Every structure is written in C-alpha cells, then in structure tokens.
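In: Dropping the sequence and predicted coords here.
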Amino acid sequence: MNVFKFSILSLCLVSSSISYAQLEKVKAPTIELSGHAEKEVTPDEIYITVHIVERYDGKEKSTLEAQEAALISALKAKGLDIDKMKLTNGYASYVRIPWRSKKDVLASANYEIMVGTAEEAAKIFEATDELDLSSCRIGRLDHSKREQFEQEVRIAAMKDAATKADYMLNAIDSKRGKTLLVRETGSNQQPVYNQQYGSRAYDLEMSSIDKVGSSFQVSFKKMAFESNVYVEFEIE
C-alpha cells in the first residue's frame, strides 16, 4: 500500500515538473516590436497609351492605318524604339457624315508604348501633338528591378527590427535571442496606375507634363518601395 502511494506521489511530482516546465516555456521573456524600411526610385518602365480615332480631314478619311503609320514614322524620326509599341484594344462605331448619304464606320484603337526615361516620354507627347491624334496619357509606371527592390526593403525592415531590439535590450543588460515570430504588416510595392481618362489627362501626383512652345517637359514622382514587419524576439 505504501509502495502504491509512493508511486502515485512520484507520478504527481513528475507531472507537476512537466507542467511547470511548460509554463516556464510559455512565459519565456520576449520583446515585440516593428521594423520599417523604404526605398524611392525613379521609374524606368513608363507605359504611355495613345488613343487613335479615324476621322475626316475635310472629305478625306484619315484611317487608323494611316495615322498609325504616321505615328511610327514620327517616333522613328525622334529615335524611339517602335518595337515596344503594341495594340491593346480597338473598336468601331457608326457615325453619320454630313456629306454622305449613309452612315460610315469610324474605328478607334489604343496603342501602348513603353519607354525608359522622361525625355523619351516627352518625345511621344510631342509626336502625338504634332499629328493631332485623339489623346495620349501615361497609363502606368513601373521599374525593371521591382523584385530586387522588394527583397531589399524587406531585408532592411527585418534589420531595423533587430537593431531596435538590440539597443533597447542593451539598456537593461539583456541580449536578443532567437526569432519567435515574423509578420509583414504592410507593403507598398505595386505599379503606379493612372486612373484618369480623357484627352491628355494626367495624374499630377505621379507626373508633371508641361508644354513649352512645341516641346513637352515630363517629370515623374519617384516610386516608393516600402515594407513594415512585426517581429518577436526571445530575450536571453
């Protein structure tokens, strides 16, 4: 009987030791903080949308093909790479022409051209203005090294969190232990889109386009790559 009681007591002690160890593990001291990093870069992928509509110059119809050919010729003359020009969509509508007995079909199309600098973008605006094309706008901005910058700011945000933990713990003679939790709480790494439409409509928050005489001056707001992280470290 005594042996039985001793066994139960031993089992209770072992169980209590395990529970206490688990409780100690749960209550291990930690430090929780956030890390932040950002990087601003000038976009090097500038997508410009040119809208072309068939029209009548007098009684002569200016077709899509003719206006497209004129645009390509103008862009080549300005030293631009027309291989980066593509048709994005097109449609047609019936309209009544005063001097014709029947309605005519006037087609329209959007062309997207990608350039790398503000100077090249200005040349496209100049060309479309010279040809009196329907409209020209900046569709979106991006950067060719997007993935690299995304990684850089995430790493920098983690380092920022670790640096904060180190100097805060150093103030109380403690050290940062292993990382227990990492959560990205926010990022801003998407391409910049222009949500405005219409004849020569621009988002002034991302670009500035001014016409001086017959020339255009174009500048862009820098793109921001940003990362915010929440990190929990063990305190040694």
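Out: Great, that's in hand. Numbering: from 1, shown residues only.
In: Now the element after the lowest-mean-pLDDT helix or strand in the chain, going C-ward?
Out: Lowest on mean pLDDT, DSSP states H and E among the helices and strands of the chain sits helix 2-26, with a mean of 51. Sequence-wise, the next helix or strand downstream of helix 2-26 (DSSP states H and E) is strand 30-41.
In: low-scoring stretches of this protein, by residue?
Out: 1-26, 87, 89-104, 189-208, 212-214 (pLDDT under 70).
In: Recalculate using a threshold of 50.
Out: 3-4, 6, 9, 94-95, 195-205 (pLDDT under 50).
In: ok, now which ones touch residue 154?
Out: Counting by CB atoms under 8 Å, 6 or more residues apart in numbering, residue 154 makes contact with 37, 184, 187, 227, 229. Using the backbone N, CA and C atoms, a C-beta is placed for each residue, glycine as well.
In: So in that sheet, which strands flank the helix or strand hosting the fourth one, and in what orientation?
Out: When you say that, I think you mean residue 227. Following DSSP H and E, one finds residue 227 within strand 223-235. Strand 223-235 has its sheet partners listed here by DSSP bridges as strand 30-41 (antiparallel), strand 176-188 (antiparallel).
In: ok, back up a step: could you work out the most separated pair of the contacts of residue 154?
Out: Using CB to CB, the contacts of residue 154 span at most 11.3 Å, a distance reached by 37 and 184.
In: Next, show the common contact partners of these two.
Out: Joint contacts of residue 37 and residue 184 (CB under 8 Å, 6+ apart) are 154, 157, 227.
In: before we move on, back to that, need the strands paired with strand 223-235 in CSV with distance to residue 55 and mean neighbour count, can you?
Out: As requested, those are exported to CSV (distance: least, CB to CB, whole Å; neighbours: other CB atoms under 10 Å):
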stretch, distance to residue 55, mean neighbour count
strand 30-41, 40, 16
strand 176-188, 41, 13
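In: Of these, give the one that comes closest to residue 141.
Out: strand 30-41 (10.4 Å).
In: so how far is the helix or strand following that closest one off the chain centroid?
Out: Later in the chain than strand 30-41, the nearest helix or strand by DSSP H and E is strand 45-53. Distance of strand 45-53 from the chain centroid (CA atoms, centre = their mean, to the nearest Å) equals 19 Å.
In: and strand 45-53, what other elements does it pack with?
Out: Secondary-structure packing of strand 45-53 (3 or more CB pairs under 8 Å, 6 or more residues apart in numbering; DSSP states H and E): helix 64-77, strand 103-115, helix 118-130, strand 135-142.
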